[in-house]
Each structure stands twice: as C-alpha cells, then as structure tokens.
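Peer 1: sequence and predicted structure below; questions after.
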Amino acid sequence: MKRAWAFAFANLRRNRKRNLATVAAIAFGYAGLVLLGGYVVRIERFLKANAVFIQHAGHVAVWKQGGLDNAAAEPDKYQFDRAQTDAILAWAKADPRVERATRYLRGVGMAGNACATRPASLLGIDPQEHAALLQHPELLTASPELARPAQGQWAYQVRDAPRGVALAAGLQKILQKPKVFDEVRGKPPAPTVLDCDTDKVTEQLAADADIQVVGQTYDGTLNAVDGQMVASFHAAEPVAEETAMIVPLSTLQSLYATERVTYVALLLRDTADAPQVAADLKAALAAKAIATETYTYADQAWAPYYVGTMAFLGSMVGFITLLVTAVLVFTVAGAMTLAILERTREFGTWRALGFQRGHVIGLLVRESLLLSLVGLAVGLAIGLCATYAVNAAGIRFSPPGVAGTMQLLITPAAWACLGQAILLPPGIMAATWWVVRGQMRKKPVDLLNAATA
Amino acid sequence: MGEVLVDVQGVHKSFQLGQTQVHALRGLDLQVQAGEFTAVVGASGSGKSTLLNLIGCLDEPDEGRIVLGGQDISHLDDAARCTLRNRKIGYIFQAFNLVPVLSVAENVELPLLLHDDLAPKDRADRVAQALADVQLTEFAPQFPDRLSGGQRQRVAIARALVTRPALVLADEPTANLDSETTGKLVDLMVDLNQKRGVTFLFSTHDEKLMSRVARVVRIRDGKVAEGAA
C-alpha cells in the first residue's frame, strides 16, 4: 500500500494523551533496562578485571596436563620445568596476539610470626610481572580500586625489601602484624626472642613486619624463608582472607627448592582471541611433546567466580528483560485494542474503499512499530541521562575483595542496549497483529455498523 | 437510458439479533439502469441499507444473485470484492466517514492509492478534478474537523467519484444535514448524474430528495413494493 508509513505516522496524532502514556510506559521501562544493563556491563568488567589481573587467571592460562587438579598434591609431576616454561614463554613472545606472559608458582606452607604459625596459601609471582599486571590499562580502566593494596605498597614498589610479601588482611590480623614494612622502617626492631607467653608479645610483634614462611621442598625437606610484609590486601573470597599470601616467585622457588612453575598466564591484546590462542598454544606445545591444558578466563573450571556470577547475572537480567518486555507488549496491546475499537468504523470505511484486510492490519502494525521505536528512542535518552546523573553523583560502596570503597558506575554498552531493545518491536507488532487480526475478520458491513465506533 | 447496471434477483438476507432471526430481505428483485438516479425508500428496518450493502459488496446475500455490470458479485472472495469496491463502486455514508488525520485532498486520494497504474501526477489531477466538481478546491489542505457537515459530505462525494466508478451508493447521505445544505447537496448529485452520467442509488427518508429523483423504489417487508423496474 502506498504511503502506508505516512498514514501510520499521521495516525500517531490521534489520542495524543494515550499515545503519550504508551510512549512513556515504553520509555521508562526501557530506560530501566538500559540502567540495569549498564550496571551489569560494569559488574562484568569489574569481575573480569578481578579474575584476569587480581586472581591471576590471565586471558589464557596454560597448565601441565592434569595440573589444575593435581599440581597441589604432586607439584613435581604436574608443574612445568624450566625447559617447558621457556618453551611457553618463547611461543608467547613470538605470537603477536600475546601482550605478556606471566609465570606463577602455587603452593602451601605455614606463615609464622616467630610465636605462632598459620596455614597459608602461597602464590609466587615476579614483582616486576606483578607491577605490569597492576598497572595494566584494562585493569585501571575497569576498576583502579582493585590495583591498590589495603595497606602498604606492593613488593615492586618497595626497593629495600628484597623478599617483600603481601598478606591477606585476615592472615595479617591473625599474625598480629598491624604495621607493614614502610611503617616500621627505621624503628627499633623486635627482640630476637619474643615473649610469646606474656602480654608484651603484642607490642613486640607489632614492632616489625617480619614474616617467616615455612614449607616443604619438593624432595621432602623442611625449609623456611624470611620475608617482610610490605602490603596487605583483601581477598575476593572469605576463605582466602585468612590464608592468602603473595610472595616473590624467586622466594617461593627457593622455599620449595625448585625451578618449576605451576602455570603461565597470558595477557592478550584482544580478549576475543582467547579461545583461539588457547587452542594454538596447546597445539604448539603438543608438537614439542609438552602435554598441557589451556583455559580462558571464561572457563568455568578456571574462573568459576567470574563465570558463575556472570551466568547468574545474565539469567537475572534476561528474566527481567523478558518480564519488562512482556509488560510493555501487553501495555501497547491494550492501548492498540482501545484504538482499534475506537476506529472500527474507520476500518470499515477503508475496507469499503477497497483496502484489503492485510492493508489495514499492516497500517496498525506500522503504527505500533512507530510507537515502540519512539518509546525506545526516548527511553534510551532517559536511560543515558540517568546514567550520567548516577555516575556524576559519585555514589560509593564497599564490594568484597576491594580495599576501601569504589564508585558505583553504570556503563551502558551499545550491544546490551540493542539486545534489550530488540525483542520489544517484534513483540509489540505481534501483539498488535493478533489484536487487529481478530477485528479484521469481520465483514466490512459489520465494521461500518460497529457500536463502538 | 442504457443497459442494466445492477440486477438483483430473488435476494434473501437475514440477521441474528440476539435470539431473534430478522429477515431483512425476502426474495427482493430490482434492476437499475446505467445512468439512473434512483432513490430507495421505506420505513426503518425495511431493508434499504441491507440492499445497498449487498449491491456494494459489503455483505453477501443468503440466497439469490446480484449482477453488477454483467458480473455476478454474489459470492466473490475477499480480494475480488475489494477490487470491485475500489474500481466500480463509490460510497457515500450518512456519517461522512472521513479519516480525521488526513487532509481533504488525502481523503479524496485514498481509494486511488490502490490504483498502481496511476502515476502520482495523474492521481493529483484526479483529486483536483474531483474537488473542483464538488467546489472544494480551496479546502484541499484542510482537515475534516475544520469543515461544515455539508462540506464534509461533499468531500465524501468527491472521494466516491474520484475512481470514476460505474455506481455510487449513498446510504442516507443527507440525514445529518440541514435542509439548505441538503438542497445544495442534492443539486450537486443531480448535476453530476446528468453531466457525467454517474449512476446513483441511494436510500433516503428525505422528501426533498425524493422529489428530485427520476425513480423511487419503495421497499416494504424485505421486498420491492413499488418501482422494481
């Protein structure tokens, strides 16, 4: 039908209050979705940065075959030796998709304060590698708060502490070391032998930042190294808050008397390459007779917190989006039903003039599409304005695993806005089609004589 | 007079009104010649509007035949009925039935939008001619709510004539108009009938209108009581 869109647009001038109310319903519903989507996108970036840089998952991680499950129990068998590590680093260096490769050694031991010891979960990383991670633009853009320790400075920032270690805040408290290395530098040291059974011990322990780390070498010998607590941090998981400890890679290798590393994590220039890089790396190492398993940050087995949380958030947002869409579709369907009933005689006139059922249905469907598109456009504008207002308000909160507070930010993404809007126009058009189709089954004479017209 | 344009043969039509079966037409026969100016009169409920609706392909007869321009139109499918209504029949309604969001010119142009063979300029020419015929040229850009009742009905007449139909059906076209406006409108329709040879068939209660027509068909109890041919 010629000029159908022009007629549909002209018809929006009717019942302006009702159309305005319908547009407002769509607009505010969609604005809510834009805000929700923007919040989830923000959370996703935060969690991804946390997984990749703070929990040290990397974009891609390579373990020895079976290492993820068995390296803790049989480190000598399920960790990479020097030659294997060098092969991985060489491959990473040669591949332009890889920005950086970082070696990690994981293990367990005891953290002590010269009076008592506590079980500790140890992560060894080269301080300069750690620096590169914490200063990475992706992390600083997503959540600069994550890069800061709860107290003190990271080992790479403290030049005169060669064995600078960082303790989770809970472990720090248990070991009664309230002050970090920077805070006790130049002050009288604690006595060589502490009065562990007297009240003086608290003061004596607080006088320095010395930590002893005890572990078993891979050949079964008990070993210990001294370290200086340069920083404390908040672990992402409560259970790790009382056990986690970050140690220079060389210190941890020295403790275990090994050159092995547990895994190597790769940072990529484009995270979309992660699955392919993981596959290529695994194949390349297999060609050198190194059996490996590779994971991306989106693998449930490797980054369960990120993957699980995003799956939950995704299903929640999907459900809410469907719910809001359904409400809006029914709202518009209701408005269109009223419009159709009011205009029944007019439709009879169109039919009398020779227009077929499909012409009239098409006209109404176009009207509903225009109505929904106008509503979506207004809703997007409202959503973006509200986003600006929320971000400008500087609201702060304390999420787990972050030192201090972080700003509540909403970061709508084009793909999320589009994804949340994409169901609405077809839904509204289908509802309109369904409503008007029933009316259009009537004979023209019945439309012309309709009592509601 | 020319050949038979409309031939209604033994048409029955009934409706269900609640629990009651209403027999609107009971074997009605009627012939209308091309170029005639015919009024159908009768009491309320006598079947005038039903007859016009059946001839106009807005409804289907239960029994009998209706032939329009040599074509049996009694039981066509919806698409054929639409084409027939658009190409051969013009309608004038009692309540004008103009589309309020379209201008006078757009209302008149409406049925021409289904004429794919007409170029936009030809459509515009036809609309201009139809508006000139009803002396509404200067009102082309106005919207119907700015017009008087008589002007609106003239727009409806222009819309009915713009497709150059063989037959114009008008159901109580002057019922909503005052006597002065009715007189002018009747003059207009008579003029169009005489100058352009358009066949008019309309229902009315209006004595003034009846006095101006060449032929009056009276319907009583669903049958033609007077003036069948």
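Peer 2: Great, that's in hand.
Peer 1: so the one residue in chain B that gets nearest to chain A: helix, strand or coil?
Peer 2: Residue of chain B nearest chain A, by C-beta to the nearest C-beta: residue B:86 (2.4 Å). All C-beta spots, glycine's among them, are computed from the backbone N, C-alpha and C. Using DSSP: H, G, I helix; E, B strand; the rest coil, the three-state assignment for residue B:86 comes out as helix.
Peer 1: quick check: the gap between the nearest residue to it once chain neighbours are set aside and residue B:79.
Peer 2: Leaving out its chain neighbours, the residue that sits closest to residue B:86 by C-beta to C-beta, 6 or more residues apart in numbering or on different chains is residue A:354, at 2.4 Å. Relative to residue B:79, residue A:354 is positioned 10 Å away (C-beta to C-beta, to the nearest Å).
Peer 1: show me which of these two is the more surrounded one.
Peer 2: residue A:354 (25 against 11; other C-beta atoms under 10 Å in any protein chain shown).
Peer 1: run a quick neighbour tally on the closest residue in space to residue B:88 that isn't next to it in sequence.
Peer 2: Using C-beta to C-beta, 6+ apart and skipping residues adjacent in sequence, the residue nearest residue B:88 is residue B:166, 4.8 Å away. Here the number of neighbours of residue B:166 (other C-beta under 10 Å) works out to 19.
Peer 1: ok, residue B:166 - contacts?
Peer 2: Counting by C-beta atoms under 8 Å, 6 or more residues apart in numbering or on different chains, residue B:166 makes contact with B:5, B:34, B:68, B:69, B:88, B:89, B:199.
Peer 1: what about the closest residue to the third one other than its chain neighbours, which SS state?
Peer 2: So that's residue B:68. Closest residue to residue B:68 apart from its sequence neighbours, by C-beta to C-beta, 6+ apart: residue B:6 at 5.8 Å. Classification of residue B:6 using three-state DSSP returns strand.
Peer 1: thinking again about what came up before, can you tell me how far the residue nearest to residue B:86 sits from residue A:448?
Peer 2: Distance from residue A:354 to residue A:448, by C-beta to C-beta: 14 Å.
Peer 1: average pLDDT across the longest strand that chain A contains?
Peer 2: Here the longest strand in chain A is taken by residue count, with DSSP state E as the criterion, and it is strand A:98-112. Averaged over strand A:98-112, pLDDT sits at 96.
Peer 1: list the contacts of the following helix or strand past it.
Peer 2: Proceeding N to C from strand A:98-112, the next assigned helix or strand is strand A:117-125, under DSSP states H and E. Strand A:117-125 has contacts (C-beta under 8 Å, 6+ apart) with A:56, A:102-112, A:171, A:174-175, A:212-215, A:240, A:242-253, A:255, A:261.
Peer 1: can you show me the helices along the stretch 151-300 of chain A?
Peer 2: For the stretch 151-300 of chain A, the helices defined by DSSP state H, counting those that start in this stretch occupy A:169-174, A:181-184, A:201-206, A:249-256, A:274-287.
Peer 1: mean pLDDT per helix and strand in the chain: which one sits at the bottom?
Peer 2: Here I'm looking at chain A. Lowest on mean pLDDT, DSSP states H and E among the helices and strands of chain A sits strand A:406-407, with a mean of 80.
Peer 1: wait, chain B was what I had in mind.
Peer 2: helix B:207-210 (a mean of 76).
Peer 1: name the helices or strands packed onto the next helix or strand after it?
Peer 2: Downstream of helix B:207-210, the next assigned helix or strand under DSSP H and E is strand B:215-220. Secondary structure elements in contact with strand B:215-220, counted by 3 or more C-beta pairs under 8 Å, 6 or more residues apart in numbering or on different chains; DSSP states H and E, are strand B:37-41, strand B:223-226.
Peer 1: chain A contacts on chain B?
Peer 2: For chain B, the contact set with chain A under C-beta under 8 Å from any C-beta of the partner chain comprises B:53, B:56, B:58-60, B:78-79, B:82-83, B:85-87, B:91, B:93, B:95, B:97, B:99-102, B:110-111, B:113-114, B:159.
Peer 1: at 7 Å instead, please
Peer 2: Residues of chain B lying near chain A by C-beta under 7 Å from any C-beta of the partner chain: B:53, B:58-59, B:78-79, B:82-83, B:85-86, B:91, B:97, B:99, B:101-102, B:110-111, B:113-114.
Peer 1: quick one: which of those sit in helices?
Peer 2: Per DSSP state H, helices hold the following members of the residues of chain B next to chain A: B:53, B:78, B:79, B:82, B:83, B:85, B:86.
Peer 1: state the pair within those residues that is farthest apart.
Peer 2: Within these, two members stand farthest from each other by C-beta to C-beta: B:53 and B:79, at 18.8 Å.
Peer 1: show me the beta-bridge partners of the residue nearest to the spatial centre of chain B.
Peer 2: The residue lying closest to the centre of chain B (C-alpha atoms, centre = their mean) is residue B:169, at 1.4 Å. Under DSSP bridges, the beta-bridge partners of residue B:169 are residue B:91, residue B:201.
Peer 1: residue B:25: which element?
Peer 2: Using DSSP H and E, the element containing residue B:25 is strand B:20-33.
Peer 1: tell me the contacts of the closest residue to chain B within the stretch 351-453 of chain A?
Peer 2: In the stretch 351-453 of chain A, the residue that lies nearest chain B is residue A:354 (2.4 Å; C-beta to the nearest C-beta). Residue A:354 makes contacts with B:82, B:83, B:85, B:86, B:111, B:114, as judged by C-beta atoms under 7 Å, 6 or more residues apart in numbering or on different chains.
Peer 1: buried ones among the residues you listed?
Peer 2: Neighbour counting by 16 or more other C-beta atoms under 10 Å in any protein chain shown classes B:82, B:85, B:86, B:111, B:114 among the contacts of residue A:354 as buried.
Peer 1: show me which pair in these is furthest apart.
Peer 2: The span of the buried ones among the contacts of residue A:354, defined through C-beta to C-beta, is set by B:82 and B:111 at 10.7 Å.
Peer 1: any low-confidence regions in chain B?
Peer 2: B:1-2, B:227-229 (pLDDT under 70).
Peer 1: ok, residue A:23 touching residue A:378?
Peer 2: Yes. Counting by C-beta atoms under 7 Å, residue A:378 is a contact partner of residue A:23 at 6.2 Å.
Peer 1: tilt between the longest helix along chain B and strand B:37-41?
Peer 2: Longest helix in chain B, counting residues (DSSP H): helix B:179-196. If you take axes from the mean of the first three to the mean of the last three C-alpha atoms, to 10 degrees, helix B:179-196 sits at 140 degrees to strand B:37-41.
Peer 1: just how off-centre is the least confident helix or strand of chain A within its chain?
Peer 2: Averaging C-alpha positions (C-alpha atoms, centre = their mean, to the nearest Å) puts strand A:406-407 15 Å from its chain's average.
Peer 1: swap in stretch A:220-231?
Peer 2: 34 Å.
Peer 1: which ones are touching residue A:337?
Peer 2: Residues in contact with residue A:337 (C-beta under 7 Å, 6+ apart) are residue A:435.
Peer 1: and for the closest residue to residue A:58 other than its chain neighbours, the neighbour number?
Peer 2: Nearest non-adjacent residue to residue A:58, counting by C-beta to C-beta, 6+ apart: residue A:265, 2.7 Å away. By other C-beta under 10 Å, the residues close to residue A:265 number 26.
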